[in-house]
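# quick one, structure for this:
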Amino acid sequence: MEKQMSSYDFIVVGSGSSGGVIAARLSENGRYAVLCVEAGTKGARYLWTRPPGGTAFTIVNPVVNWCRNSAPNAHTGNRSIYVPGGKILGGSSAINGMIYNRGQRMDYDNWEKLGCRGWSYQDVLPYFKKVESTAIGSDEYRGRTGPVHVTEAAKTSPFFDLFIQSARSIGYPLNPDYTGATQYGVAMAQQTIYRGLRQSTATQYLAPAAGRRNLTVMRGAEVVALTFEGLRCTGIALDHGGTRKNVRATREVIVCAGAIGSPKLLELSGIGNPDVLARHGIAVLRNLPGVGENLRDHFGPTLKWTFKRKGYSLAGRGRGLRLLLETLRYGLLRSGFISQGVATLRVFTRSSQEVEQADIGLLINPFLLEIENQKRRMSNTNGFFIYAQVQRPESCGSVHIQSPDPRQDPVIDYRFLDTDKDRRTAVAAVRRAREIVAAKPIADEIASEIQPGLHVQSDEDILRFIRDTGATTFHPVGTCKMGTDAMAVVDEQLRVHGVEGLRVADASVMPRIISGNTSVPCMMIGERCAAMVLAAHESQPARAGR
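Got it, this is the predicted structure:
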């Protein structure tokens with residue numbers, strides 16, 4: 001794993017949800033020399049990544065997290081929005097909330113309608129199944145033998161049954177598998193957690209490949225540019241421990257730096273909008289105006305309620321002596337709330353009767369959080385919160401470099417709630433959450449709504465509340481979108497338009513955001529990309545490593 005050469009068949013930039021999969025699959029047959037470059041220094045055994053409850057620490061820890069922030073603007077009440085991203089082996093799959101949610105059939109069918117031939121639901125389903133191993137659902141939709149174990153969240157308090165009963169009392173069906181035939185309904189979350197431990201691409205793809213002589217994983221190395229001969233990508237320039245070096249790829253470079261990092265790397269390398277590149281004195285290698293555009297994310301507010309009595313909320317378990325007891329419970333039994341992911345109860349609903357598929361996601365937690373400088377601590381107040389998000393936002397922002405210096409973060413410019421449809425759906429999401437909480441039996445247990453408060457009732461007031469307090473669920477996508485139109489960056493084979501030997505494979509290639517979490521769809525993209533690359537090179541002899 002650690003032996004370094006000056007030339008490889010394939011170079012994979014990033015070891016995250018897509019990159020870790022690709023590096024493992026390309027090296028699987030032993031024919032090709034593969035280099036996987038990861039900017040983070042920590043590996044699969046980093047203390048806080050294995051216990052699911054460690055997310056509270058990894059989500060703000062600069063040792064394993066890029067900890068970026070968006071530019072403040074009117075779309076977010078002139079606030080900066082926190083944009084975490086994994087900087088560790090396994091990338092964001094090693095620090096995220098571990099929720100398994102592919103989205104809906106319509107998401108991928110829409111990709112194909114947008115010009116992404118071969119990316120319909122039926123096309124991508126085999127790759128989703130290849131990723132996972134689960135006992136949930138039917139064989140028609142689910143995989144049984146993949147490397148990533150998927151389990152259903154445990155009910156760690158009576159709150160879950162209370163909430164589910166209330167949702168069902170107003171017509172929501174209990175959905176045993178929201179990844180199956182339909183997403184609509186109320187459900188316990190599915191998680192990439194097995195026997196109390198996180199399942200990341202570091203643990204499930206790269207760790208099993210660690211003994212391969214043809215796979216090199218280089219940690220603590222940041223790729224600062226792609227190298228070219230004419231319009232053919234020939235390798236990378238990287239900074240490893242303060243030393244800059246070039247490494248050659250004799251076949252392909254696959255960029256998997258995420259929706260923030262991938263457009264940044266392309267622009268630093270001269271691929272992008274000529275106007276953006278000219279502002280920073282970067283020569284244009286390939287005019288692709290879509291690089292960095294089409295930024296989308298799930299955005300919404302948090303609603304909070306308190307209970308009349310104890311017993312439903314997990315309040316207090318995350319602090320003091322009770323946290324110590326929970327830690328002991330987890331250490332001995334791999335159980336308790338530390339063994340669970342984030343927002344382990346879900347409702348998928350619709351903004352109106354005219355909408356055919358769920359366009360709203362409600363993410364429910366049986367506790368309240370105290371957040372200061374993005375650091376999260378469980379409150380002692382007996383309550384719960386619901387994050388209410390628009391599942392398929394139309395509003396688009398951008399990501400662009402602010403300097404030719406690779407050490408500087410790009411400018412992340414979110415433009416949430418920029419369309420009438422997004423605004424209507426966001427307001428409806430708040431109303432749907434309130435409708436469930438107003439239903440029995442949970443209504444009888446509520447002391448008060450503390451955020452936004454019952455005085456916030458009109459569409460205008462609700463929209464102001466969303467704009468002034470909303471946050472994302474950390475799912476940026478779309479900034480190197482796949483397609484055939486003038487703003488597309490990659491084709492249906494994930495090859496960068498007009499450039500040879502270069503692909504992008506991560507959340508940035510999604511032409512539209514999916515109605516779900518992005519980590520597992522990125523693993524699917526990784527599996528699909530690896531299959532495409534292997535098919536393209538299977539008839540050619542290996543030649544790197546000389």
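# which strand runs longest in this protein?
strand 243-255 (DSSP state E).
# who does that one touch, helix- and strand-wise?
When contacts are defined as 3 or more CB pairs under 8 Å, 6 or more residues apart in numbering; DSSP states H and E, strand 243-255 sits against strand 7-13, strand 221-229, strand 232-240, helix 258-268, strand 502-504, helix 519-537. For glycine as for every other residue, the C-beta is placed from the backbone atoms N, C-alpha and C.
# now do the longest one: distance to the chain's middle.
Pointing back at helix 519-537 there. 17 Å (CA atoms, centre = their mean, to the nearest Å).
# so which bits of it are buried?
By neighbour count on 16 or more other CB atoms under 10 Å, the buried set for helix 519-537 is 519-530, 532-534, 537.
# if we can go back for a sec, any chance of the helices and strands packed on strand 243-255 in a markdown table, plus distance to Asn69?
Converted to a markdown table, those look like this (distance: least, CB to CB, whole Å):
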| stretch | distance to Asn69 |
| --- | --- |
| strand 7-13 | 23 |
| strand 221-229 | 19 |
| strand 232-240 | 23 |
| helix 258-268 | 11 |
| strand 502-504 | 24 |
| helix 519-537 | 21 |
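# just so I know, which of these lies nearest Thr76?
Ranking the helices and strands packed on strand 243-255 by proximity to Thr76 (CB to CB) places helix 258-268 first, at 16.6 Å.
# quick check: pLDDT value at Ala315.
Among the per-residue scores, Ala315 shows a pLDDT of 87.
# looks like it contacts Met378 (just checking).
Yes. When contacts are counted by CB atoms under 8 Å, Ala315 is listed as touching Met378 (7.0 Å).
# okay, and the common contacts of those two?
367-368 (CB atoms under 8 Å, 6 or more residues apart in numbering).
# could you dump stretch 85-102 to CSV, C-alpha only?
C-alpha atoms of stretch 85-102 as CSV (Å, rounded to 0.1, in the frame of the first residue of the first chain):
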residue,chain,number,x,y,z
GLY,A,85,-16.2,17.4,3.9
GLY,A,86,-14.1,14.4,4.7
LYS,A,87,-10.3,14.8,4.8
ILE,A,88,-9.5,11.3,5.8
LEU,A,89,-9.2,7.9,4.2
GLY,A,90,-12.8,7.2,3.2
GLY,A,91,-13.6,10.8,2.7
SER,A,92,-17.0,11.9,3.8
SER,A,93,-18.1,8.3,4.2
ALA,A,94,-15.8,8.2,7.2
ILE,A,95,-17.4,11.3,9.0
ASN,A,96,-21.0,11.5,7.8
GLY,A,97,-24.3,10.6,9.5
MET,A,98,-24.2,7.0,7.9
ILE,A,99,-27.8,7.2,6.5
TYR,A,100,-28.5,4.9,3.6
ASN,A,101,-30.9,6.6,1.2
ARG,A,102,-30.6,6.1,-2.5
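# any idea how far that stretch is from the chain center?
That offset, for stretch 85-102, works out to 7 Å (CA atoms, centre = their mean).
# repeat that for stretch 364-376.
Counting by CA atoms, centre = their mean, stretch 364-376 comes out at 19 Å from the chain centroid.
# CA atoms only: put that stretch into CSV for me.
Extracted in CSV, the C-alpha atoms of stretch 364-376 (Å, rounded to 0.1, in the frame of the first residue of the first chain):
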residue,chain,number,x,y,z
ILE,A,364,-36.4,13.4,13.2
ASN,A,365,-34.2,13.2,16.3
PRO,A,366,-35.4,12.4,19.8
PHE,A,367,-33.2,15.1,21.5
LEU,A,368,-32.3,18.7,21.2
LEU,A,369,-28.8,20.0,20.2
GLU,A,370,-26.8,22.9,21.5
ILE,A,371,-24.6,24.2,18.7
GLU,A,372,-21.9,26.7,19.1
ASN,A,373,-19.3,27.4,16.4
GLN,A,374,-20.6,24.2,14.7
LYS,A,375,-19.7,22.1,17.8
ARG,A,376,-22.6,20.0,18.8
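# if we look at that stretch, which residues are touching it?
With CB under 8 Å, 6+ apart, stretch 364-376 has contacts from 56, 59-60, 67, 82, 156-157, 159-160, 163, 304, 306, 312-315, 317-318, 342-347, 377-379, 381, 383-387.
# so for it, mean pLDDT?
84.
# returning to that earlier point: make JSON lines out of the helices and strands packed on strand 243-255 and add mean pLDDT.
Output for the helices and strands packed on strand 243-255, formatted as JSON lines (pLDDT from 0 to 100):
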{"stretch": "strand 7-13", "mean pLDDT": "98"}
{"stretch": "strand 221-229", "mean pLDDT": "98"}
{"stretch": "strand 232-240", "mean pLDDT": "98"}
{"stretch": "helix 258-268", "mean pLDDT": "99"}
{"stretch": "strand 502-504", "mean pLDDT": "99"}
{"stretch": "helix 519-537", "mean pLDDT": "98"}
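# Val490 versus Asn96, what's the distance?
24 Å (CB to CB, to the nearest Å).
# gap between the lowest-mean-pLDDT helix or strand in the chain and the chain center?
Lowest by mean pLDDT, DSSP states H and E among the helices and strands of the chain is strand 375-378, with a mean of 77. Taking CA atoms, centre = their mean, one finds strand 375-378 lying 21 Å from the centre of the chain it belongs to.
# which strands border it, and is each parallel or antiparallel?
Partner strands and pairing direction for strand 375-378 (DSSP bridges) are strand 369-372 (antiparallel).
# now the partner strand: buried residues?
So, applying 16+ other CB under 10 Å, strand 369-372 has no buried residues.
# what's the answer for stretch 51-70, then?
Those would be 51-61, 64-68, 70, for stretch 51-70 by 16+ other CB under 10 Å.
# which of these fall in helices?
Per DSSP state H, helices hold the following members of the buried residues of stretch 51-70: 55-58.
# now render those residues as CSV, adding pLDDT.
Output for those, formatted as CSV (pLDDT from 0 to 100):
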residue, pLDDT
Thr55, 93
Ala56, 89
Phe57, 90
Thr58, 94
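# can you put those residues in a markdown table and add distance to Val355?
Output for these, formatted as a markdown table (distance: CB to CB, whole Å):
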| residue | distance to Val355 |
| --- | --- |
| Thr55 | 32 |
| Ala56 | 34 |
| Phe57 | 38 |
| Thr58 | 35 |
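# looking at these, which is nearest Lys129?
Of those, the one sitting nearest to Lys129 (CB to CB) turns out to be Thr55, at 26.3 Å.
# hmm, back to that, can you select the buried ones from the contacts of stretch 364-376 in ChimeraX?
One line in ChimeraX is enough to select the buried ones among the contacts of stretch 364-376; burial here means 16+ other CB under 10 Å:
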select :56,59,60,67,82,156,157,159,160,163,304,306,312,313,314,315,317,318,342,343,344,345,346,347,378,379,381,383,384,385,386,387
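# next up, phi/psi of the closest residue to Tyr172 other than its chain neighbours, please.
Nearest non-adjacent residue to Tyr172, counting by CB to CB, 6 or more residues apart in numbering: Val186, 4.7 Å away. Reported as degrees, to the nearest 10, the phi and psi values for Val186 are phi -110, psi 140.
# got a list of what Val186 touches?
163-164, 167-168, 172-175, 345-347.
# can you add secondary structure and distance to Arg248 and give these back as CSV?
Conversion of the contacts of Val186 to CSV gives the following (DSSP: H, G, I helix; E, B strand; the rest coil; distance: CB to CB, whole Å):
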residue, secondary structure, distance to Arg248
Phe163, helix, 56
Ile164, helix, 56
Ala167, helix, 56
Arg168, helix, 60
Tyr172, coil, 56
Pro173, coil, 56
Leu174, strand, 55
Asn175, coil, 50
Leu345, strand, 50
Arg346, strand, 46
Val347, strand, 51
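# related to what we said a few turns ago, of the buried residues of helix 519-537, closest to Val253?
Closest to Val253, out of all of the buried residues of helix 519-537 and judged by CB to CB, is Val533, at 10.9 Å.
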